[in-house]
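A.B. asks: here is the input, now give the coordinates:
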Amino acid sequence: MVLYLIYLSFSWFYLPGKLKQVTEVNVSEMIGRDVTVENIRFNPFEISLDVEALSVSDPKEGSLIAWDNLLVNLGFWRSVFSWEITFNEITLDNPRINIVKLEERHFQSNNTWWRTLSSIPNGSR
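C.D. replies: Next up is the predicted model:
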């Protein structure tokens, strides 16, 4: 019972703030662009994650990637009994992606993706 209360307290109070911090600081450093998130909520009972108003900045065009709301709801019991990861719901509201073609075979977002891939250790890819 005590472990369950620790799990609930950790996931309800600590996890959303830590996820927001990691997204805005670590991911921003990794991709070399500002990332902002209005709010992150985690529901430990449903095992769901709700990310509100995420935006990856683009100095020239405003935002490279943005959305109003992302909801990922894990199908916990189905996952436990089938030994597979299953989802009850994945919802993405008002997604926006801004890609600009600069020249033949080169897009504005290419440097972000290559910088991200180069920062991942080889054994993890």
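
A.B. asks: neighbouring contacts of whatever helix or strand L3 lives in?
C.D. replies: According to DSSP states H and E, L3 maps onto helix 2-9. By Cβ atoms under 8 Å, 6 or more residues apart in numbering, the residues outside helix 2-9 that reach it are P44. The way it works is simple: take the backbone N, C-alpha and C, and place the C-beta from them, glycine included.

A.B. asks: so who does the closest residue to T36 other than its chain neighbours touch?
C.D. replies: What sits nearest to T36 in space, not counting adjacent residues and going by Cβ to Cβ, 6 or more residues apart in numbering, is S55, at 5.1 Å. For S55, the contacting residues are V35, T36, V37, S63, I65, A66, by Cβ under 8 Å, 6+ apart.

A.B. asks: do that again at 7 Å, thanks
C.D. replies: Contact partners of S55, counting by Cβ atoms under 7 Å, 6 or more residues apart in numbering, are T36, S63, A66.

A.B. asks: can you list those in a markdown table and add neighbour count?
C.D. replies: What follows is the contacts of S55, written out as a markdown table (neighbours: other Cβ atoms under 10 Å):
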| residue | neighbour count |
| --- | --- |
| T36 | 15 |
| S63 | 18 |
| A66 | 18 |
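
A.B. asks: which of the residues you listed sits closest to N88?
C.D. replies: Taking Cβ to Cβ as the measure, N88 lies nearest A66 of the contacts of S55, at 25.0 Å.

A.B. asks: tell me which of the contacts of S55 has the lowest pLDDT.
C.D. replies: The lowest pLDDT within these belongs to S63, with 82.

A.B. asks: for the residue nearest to T36, phi and psi?
C.D. replies: Main-chain torsions, S55, degrees, to the nearest 10: phi -150, psi 130.

A.B. asks: again, but for Y14
C.D. replies: Dihedral angles for Y14 - degrees, to the nearest 10 - are phi -90, psi -50.

A.B. asks: again with N94
C.D. replies: Here is the backbone geometry of N94 (degrees, to the nearest 10): phi 50, psi 60.

A.B. asks: can you classify the residue nearest to it when sequence neighbours are not counted as helix, strand or coil?
C.D. replies: In this structure, N94 finds its nearest non-sequential neighbour in D68, 4.1 Å apart by Cβ to Cβ, 6+ apart. Using DSSP: H, G, I helix; E, B strand; the rest coil, the structure places D68 in strand.

A.B. asks: with that, I have no additional questions.
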